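Q: Next one to model:
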Amino acid sequence: HFREDLYTCLTRRGDTLFELVDAMLCENGPVTSPVELTLLAEHRRGHGALYDALNCGRIDTDGLRHALAVLPQPKAADNRIVLAVDVTHWLRPDAPCSPDRLFCHVYGRSGRSSDQLVPGWPYSFVAALETGRTSWCQLLDARRLGPDDDVAEVTAAQVRRVVTDLIDAGQWEPGDPDVLIVLDAGYDAPRLAHLLAGLPIEVLGRMRSDRVMRRPAPPRTRRAGRPTRHGAVFRFADPDTWGAPDVETVQVTDRYGTARAVAFDRLHPHLTTRCAWIDHTGELPIIEGTQIRLMVDRLPSGQDPQPVWLWSSKTGMTGEDVDLRWQAFLRRFDIEHTFRMIKQTLGWTRPKLRSPEAADRWTWLVIAAHTQLRLLREAAAGLRRPWEKRAEPARLTPARVRRGFRNLRPHLHRPARAPKPSTPGSGRPVGSKNRHPATRYDVGKTTRRPESIAERNRLKAPKG
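A: Residues are numbered from 1 along each chain as shown. Just a heads-up that it's a prediction; the model follows:
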């Protein structure tokens with residue numbers, strides 16, 4: 001049924017795009033380039049049709065998002081949907097003729113001093129996480145971040161669209177636990193919780209260890225003057241400002257040893273009319289939540305463990321609620337396995353496409369291919385090599401399921417039509433020069449956001 005829905009969403013050059021997905025899954029090894037897929041028997045068209053489909057095709061992304069939302073979604077231990085949001089980069093340092101490139105942060109191998117900023121296309125993905133240690137997750141949405149986009153606003157719109165599709169598909173009903181949104185430290189979790197107000201969601205994000213929060217305002221003791229909106233200061237780096245925690249838990253784990261978590265209820269950031277809140281009208285909101293500090297004995301990498309600070313938009317947590325939150329945050333790293341899979345095996349970042357629109361089409365085809373692997377886990381459980389042990393469907397890796405896709409494809413629905421006979425064009429005459437050179441584009445943000453009201457007024461003031 002998903003293959004039929006996928007074919008319906010391919011509204012232009014659909015036959016070529018559909019066979020491209022099948023060829024991506026039937027390749028014996030990693031996908032090195034799209035043109036190599038045209039040599040497979042599953043792709044019955046030439047390389048010209050392939051690039052024409054990527055450059056001029058059309059995909060109904062709204063319909064494809066709905067087709068992904070109606071699929072059986074994985075849920076956490078307490079029967080709630082956990083969505084992870086993260087940004088990964090399609091690096092294009094050698095593509096000066098490709099527009100909308102931004103400087104992408106790339107971690108170095110020898111410490112933070114070797115980090116680099118490389119031009120590329122950053123993509124924001126939303127995925128539904130499974131429970132337990134696994135390398136699977138269900139990709140639900142992808143959005144390319146442009147030069148004029150604000151990350152928090154784009155992420156909020158993306159999450160709102162995904163959660164709305166899940167509710168319309170019947171994945172969440174009144175009375176179910178709120179959908180948990182898990183974020184890393186690169187996101188402003190309190191601001192996202194404010195932007196997503198009104199939805200049945202809970203935002204859980206990691207915060208930097210140098211942040212400063214505020215406690216609730218103390219009771220008013222006098223009538224004169226303006227009421228106090230913020231309480232005492234809570235500095236992450238100063239234990240003297242913490243006070244007694246509201247909840248303390250201790251858990252013994254296999255990978256991290258003893259995990260100790262303490263939670264402080266009803267903490268909020270002290271917002272000011274600057275940067276992201278400069279255009280906010282009215283009084284700035286008080287966004288309260290629960291601050292969790294997690295400390296473990298050891299890390300699998302052997303490095304010295306550092307405390308992890310997590311902020312949740314839910315208040316009044318119990319010890320069981322706190323343990324569930326930090327365990328859900330650790331499951332967020334499962335999406336890194338998916339990024340490695342689509343990059344190294346499915347070849348998401350391999351094509352040298354010029355236009356970002358073609359890159360968006362290729363991205364959605366990769367998501368469709370990865371989704372089919374997830375749906376075929378049970379069917380591929382019996383396909384193994386003689387020296388391999390039997391494995392449960394939940395323990396199969398995406399690469400092993402993809403290895404058996406060619407054997408399963410004859411039993412699947414194949415709506416793509418056979419190609420019509422045609423003769424390729426003559427192309428550019430030999431020896432002729434290109435008289436229309438491609439336009440070169442700058443890299444980076446094109447819109448500068450003011451950081452204060454005075455700077456905003458100065459930018460808006462007429463020149464001269």
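
Q: average pLDDT across stretch 102-110?
A: Here stretch 102-110 scores 84 as its mean pLDDT.

Q: Work out the gap between that stretch and the centre of the chain.
A: 18 Å (CA atoms, centre = their mean, to the nearest Å).

Q: Let me see the confidence value for the spatially most central residue of the chain.
A: Centrality entry for the chain: nearest residue to the mean C-alpha point is F125, 2.5 Å, by CA atoms, centre = their mean. In this prediction, F125 carries a pLDDT score of 97.

Q: can you check the one 3 residues further on too?
A: Turning to A128, the model gives it a pLDDT of 96.

Q: Then D78?
A: D78 is given a pLDDT of 84.

Q: Check the gap between it and A84 for me.
A: 17 Å (CB to CB, to the nearest Å). All C-beta atoms are positioned from the backbone trio N, CA, C, and that covers glycine.

Q: In this structure, spot the strand with the most residues.
A: Longest strand in the chain by number of residues (criterion: DSSP state E): strand 116-129.

Q: From the contact counts, what lies against the very next helix or strand once past it?
A: Using DSSP states H and E, the helix or strand that follows strand 116-129 in sequence is strand 137-144. Packed against strand 137-144 by the contact rule (3 or more CB pairs under 8 Å, 6 or more residues apart in numbering; DSSP states H and E) you find helix 61-69, strand 116-129, helix 151-168, helix 334-344, helix 356-375.

Q: mind listing the strands for the chain?
A: Under DSSP E, the chain gives strands at 10-12, 58-59, 82-91, 102-106, 116-129, 137-144, 179-183, 201-207, 212-214, 233-235, 247-253, 257-267, 289-296, 308-312.

Q: helices and strands around the second one, which ones?
A: Same thing as strand 58-59. Using 3+ CB pairs under 8 Å, 6+ apart: strand 58-59 touches strand 10-12, helix 356-375.

Q: Can you check the pLDDT for V151?
A: With respect to pLDDT, V151 has a value of 91.

Q: so who does it touch?
A: V87, S124, L145, G186, Y187 (CB atoms under 8 Å, 6 or more residues apart in numbering).

Q: Go again with 10 Å.
A: V151 sits next to V87, P122, S124, L145, G186, Y187, D188, L192, A276 when contact means CB atoms under 10 Å, 6 or more residues apart in numbering.

Q: between these, which is nearest H47?
A: Among the contacts of V151, P122 lies closest to H47 (CB to CB), at 28.7 Å.

Q: and the closest one, bridged to which residues?
A: H89 (DSSP bridges).

Q: how far away is it from R211?
A: Distance from P122 to R211, by CB to CB: 24 Å.

Q: neighbour-wise, which of the two wins?
A: Remark: of P122 and R211, P122 carries more neighbours, 21 against 15, as counted by other CB atoms under 10 Å.

Q: Correct me if wrong: the more buried one contacts H105.
A: Yes - P122 is within contact range of H105, at 9.2 Å (criterion: CB atoms under 10 Å).

Q: Give me the common contacts of these two.
A: V87, H89.

Q: tell me which residues of stretch 97-105 are tucked away?
A: S98, P99, D100, R101, L102, C104 (16 or more other CB atoms under 10 Å).

Q: any low-confidence regions in this protein?
A: 110-112, 449, 451-464 (pLDDT under 70).

Q: closest one to D94 among the helices and strands packed on strand 137-144?
A: strand 116-129 (8.8 Å).

Q: and the closest residue to P356 other than its chain neighbours, what are its phi and psi?
A: The shortest distance from P356 to any non-neighbouring residue, by CB to CB, 6 or more residues apart in numbering, is to D100 (4.9 Å). Backbone geometry at D100, expressed as degrees, to the nearest 10, gives phi 60, psi 30.

Q: Spit out the contact partners of D100.
A: D100 touches 121-122, 144-149, 355-357, 359, 441, 443, 446, counting by CB under 10 Å, 6+ apart.

Q: one step back: how about the residue nearest to the centre of the chain: what's its closest non-neighbour residue?
A: Leaving aside its sequence neighbours, F125 sits nearest to A142 (CB to CB, 6+ apart; 5.3 Å).

Q: The one you found: neighbour count?
A: A142: 20 neighbours (other CB under 10 Å).

Q: Also V162?
A: 23.

Q: and if you look at P93?
A: 13.

Q: Next: I81.
A: 23.

Q: again, but for E288
A: By other CB under 10 Å, neighbour count at E288 equals 19.

Q: start to end distance for stretch 129-144?
A: Using CA to CA, to the nearest Å, the end-to-end distance of stretch 129-144 comes out at 21 Å.

Q: Same check on stretch 416-434?
A: 36 Å.

Q: Contacts for that stretch next, please.
A: Counting by CB under 10 Å, 6+ apart, 3, 7, 10, 14-22, 42-49 sit against stretch 416-434.

Q: List only buried entries from those.
A: Using 16+ other CB under 10 Å as the burial test, the contacts of stretch 416-434 include 3, 7, 10, 14-22, 42-45, 47, 49 as buried.

Q: hang on, the earlier thing: highest neighbour count among the contacts of D100?
A: W121 (24 neighbours).

Q: Quick check: nearest residue in space to that one, chain neighbours excluded?
A: Nearest to W121 is W90, by CB to CB, 6+ apart, at 4.4 Å.

Q: contacting residues for that neighbour?
A: With CB under 10 Å, 6+ apart, W90 has these contacts: 101, 104, 120-123, 144, 343, 348-351, 353, 356, 359, 362-363.

Q: Could you do P398 as well?
A: Per CB under 10 Å, 6+ apart, neighbours of P398: 135-136, 337-338, 340-342, 345-346, 369-370, 373-374, 377.

Q: Pull out the buried members of these.
A: S135, W136, T338, M341, I342, T345, L346, A369, H370, L373, R374, R377.

Q: can I get these in CSV with distance to P216?
A: As requested, these are exported to CSV (distance: CB to CB, whole Å):
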residue, distance to P216
S135, 42
W136, 41
T338, 39
M341, 45
I342, 44
T345, 50
L346, 49
A369, 49
H370, 45
L373, 48
R374, 44
R377, 47
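
Q: Closest to A328 out of those residues?
A: Nearest member of those to A328, counting by CB to CB, is W136, at 15.8 Å.

Q: Please tell me how far that closest one sits from P72.
A: Taken as CB to CB, the span from W136 to P72 is 13 Å.

Q: Ok, R45 next?
A: Taken as CB to CB, the span from R45 to P72 is 33 Å.

Q: Look up the closest residue to L37, ignoring the ones flanking it.
A: Counting by CB to CB, 6+ apart, the residue nearest L37 is A23, at 3.9 Å.
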